[in-house]
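J.: this one's structure only:
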């Protein structure tokens with residue numbers, strides 16, 4: 001999607017003579033637009049704007065409907081949006097000076113009155129070179145885009161304040177209580193015989209001034225994972241092999257680990273594909289809990305290939321986080337980083353949704369509504385990308401389903417924060 005300055009929006013408004021104005025949002029060549037149909041839907045619904053599915057190089061490109069929680073600045077409206085011209089002129093007359101976020105501010109101002117047309121309403125032809133999806137996925141943490149992100153956070157924060165969905169930073173919690181160990185590394189796993197051994201050994205190699213264990217929640221693996229975990233548990237009593245009742249997603253496996261009587265004061269994430277970047281990761285996370293009184297601590301991670309060679313974009317540190325406004329900006333971005341760690345009593349109370357995508361994002365958003373989150377911006381974790389990853393080579397339908405679900409998570413959280421206020 002193009003970046004629009006406030007000047008761009010003012011120029012569009014100055015040229016808006018009809019009832020509706022068509023805004024082009026793509027660098028691709030637009031071959032045709034069914035403007036008549038878009039105007040019909042806008043009038044029928046009393047919408048301030050409409051967008052719809054489109055064809056690209058002859059193939060249908062399905063989009064998703066805008067929800068109340070579709071607040072991320074990379075929401076895909078397709079190649080064109082039809083906007084009510086009078087609203088566009090009114091908005092342009094009052095919009096603040098923006099270098100990158102004119103369109104983002106515009107569609108946030110129309111929040112709740114943008115309608116999705118579930119039909120193909122335009123056709124485009126690709127430009128010669130396109131950015132790869134894998135690169136675009138991390139644009140919001142790319143240091144080259146830092147000025148863009150700062151400005152968009154400011155725009156979004158003003159929107160949240162106007163919508164009465166802004167929250168203040170959470171208060172610290174007491175970490176008192178009796179627990180069998182200070183920390184538990186939690187590894188949900190299903191059919192990861194190639195990688196789970198590395199993950200478990202990475203956890204066992206941690207050097208800490210406290211007792212810890214490794215809770216491996218084996219979700220009925222069929223590829224030899226179960227036998228491997230059994231063997232490692234027999235060799236080291238700190239490895240706890242848990243087989244839950246059938247039917248859980250990753251979130252449900254997390255709840256099983258949290259509810260287990262052997263779970264420690266702090267529950268620390270380690271995916272079955274990944275490894276900690278050093279023997280001091282666990283110590284640093286627990287130290288951060290102790291320093292801050294946080295209910296959640298999140299570190300930074302480095303993207304690697306299967307053999308731990310760094311791949312682009314490398315370090316994902318979420319430097320956009322600030323203690324003062326991170327809980328609000330979290331509703332704008334699509335992830336919060338890794339490794340994630342939770343104060344067990346709070347996580348037990350809040351619970352993970354029993355799904356296998358977005359469960360971590362849902363938990364952290366819920367925590368930041370009420371509790372303090374602390375960050376570590378150094379790389380603590382190697383996130384391995386390989387053909388067996390659950391997020392490898394996703395279809396357009398799967399990407400849409402994932403985005404729709406995360407938008408729904410944000411819808412729930414946005415609504416809850418408004419009610420809270």
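T.: Cool, got the structure. Note that the structure is predicted; figures quoted are calculated from it, not measured.

J.: give the buried residues for stretch 302-320.
T.: 302-304, 313, 315-318, 320 (16 or more other Cβ atoms under 10 Å). Backbone N, C-alpha and C define where each C-beta goes, glycine included.

J.: got the contact list for that stretch?
T.: For stretch 302-320, the surrounding residues in contact (Cβ atoms under 8 Å, 6 or more residues apart in numbering) are 135, 138, 140-143, 146, 149-150, 153, 275, 277, 298, 300-301, 326, 329, 333, 336-337, 375, 377-379, 381-386.

J.: so residue 330 is in contact with residue 365, correct?
T.: Yes - with contact defined as Cβ atoms under 8 Å, residue 330 and residue 365 form a contacting pair (5.9 Å).

J.: mind listing what residue 124 touches?
T.: 26, 28-31, 54-57, 79.

J.: residue boundaries of the helices in this structure?
T.: Assigned by DSSP state H, the helices in the chain fall at 6-14, 35-45, 85-94, 102-109, 133-136, 146-162, 196-204, 225-235, 250-259, 281-292, 326-329, 344-350, 359-370, 396-420.

J.: for residue 118, which of those is the nearest?
T.: helix 35-45 (9.6 Å; Cβ to Cβ).

J.: next, count neighbours for the closest residue to residue 414 other than its chain neighbours.
T.: Of all residues not flanking residue 414 in the chain, residue 69 sits nearest, at 4.7 Å (Cβ to Cβ, 6 or more residues apart in numbering). Neighbour count of residue 69, defined by other Cβ atoms under 10 Å: 18.

J.: repeat that for the one 5 residues further on.
T.: The local packing count at residue 74 equals 15, with neighbours defined by other Cβ under 10 Å.

J.: do you know how far it is from residue 317?
T.: Distance from residue 74 to residue 317, counting by Cβ to Cβ, to the nearest Å: 19 Å.

J.: my read: residue 211 touches residue 179, true?
T.: No - between residue 211 and residue 179 there is no contact under Cβ under 8 Å: 9.4 Å.

J.: have a look at the two and say which one is more surrounded.
T.: Neighbours were counted for residue 211 and for residue 179 using other Cβ under 10 Å; residue 179 has more, 17 against 12.

J.: distance of the closest residue to the more buried one other than its chain neighbours from residue 19?
T.: Of all residues beyond its chain neighbours, the one nearest residue 179 is residue 265 (4.3 Å), with distances taken as Cβ to Cβ, 6+ apart. Remark: distance between residue 265 and residue 19 (Cβ to Cβ) = 62 Å.

J.: with neighbour numbers in mind, choose between these two.
T.: residue 265 (21 against 12).

J.: pLDDT score assigned to the more buried one?
T.: For residue 265, the pLDDT comes out at 98.

J.: what does residue 389 give?
T.: Per the predicted model, pLDDT is 60 at residue 389.

J.: quick one on the thing from earlier: export the helices of the chain to a markdown table and append columns for mean neighbour count, mean pLDDT and distance to residue 115.
T.: Shown next, in a markdown table, are the helices of the chain (neighbours: other Cβ atoms under 10 Å; pLDDT from 0 to 100; distance: least, Cβ to Cβ, whole Å):
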| stretch | mean neighbour count | mean pLDDT | distance to residue 115 |
| --- | --- | --- | --- |
| helix 6-14 | 17 | 97 | 20 |
| helix 35-45 | 15 | 98 | 5 |
| helix 85-94 | 16 | 98 | 14 |
| helix 102-109 | 23 | 98 | 12 |
| helix 133-136 | 12 | 46 | 26 |
| helix 146-162 | 17 | 96 | 19 |
| helix 196-204 | 21 | 98 | 46 |
| helix 225-235 | 17 | 98 | 47 |
| helix 250-259 | 22 | 98 | 32 |
| helix 281-292 | 20 | 98 | 44 |
| helix 326-329 | 22 | 97 | 27 |
| helix 344-350 | 18 | 98 | 34 |
| helix 359-370 | 22 | 97 | 26 |
| helix 396-420 | 16 | 97 | 16 |
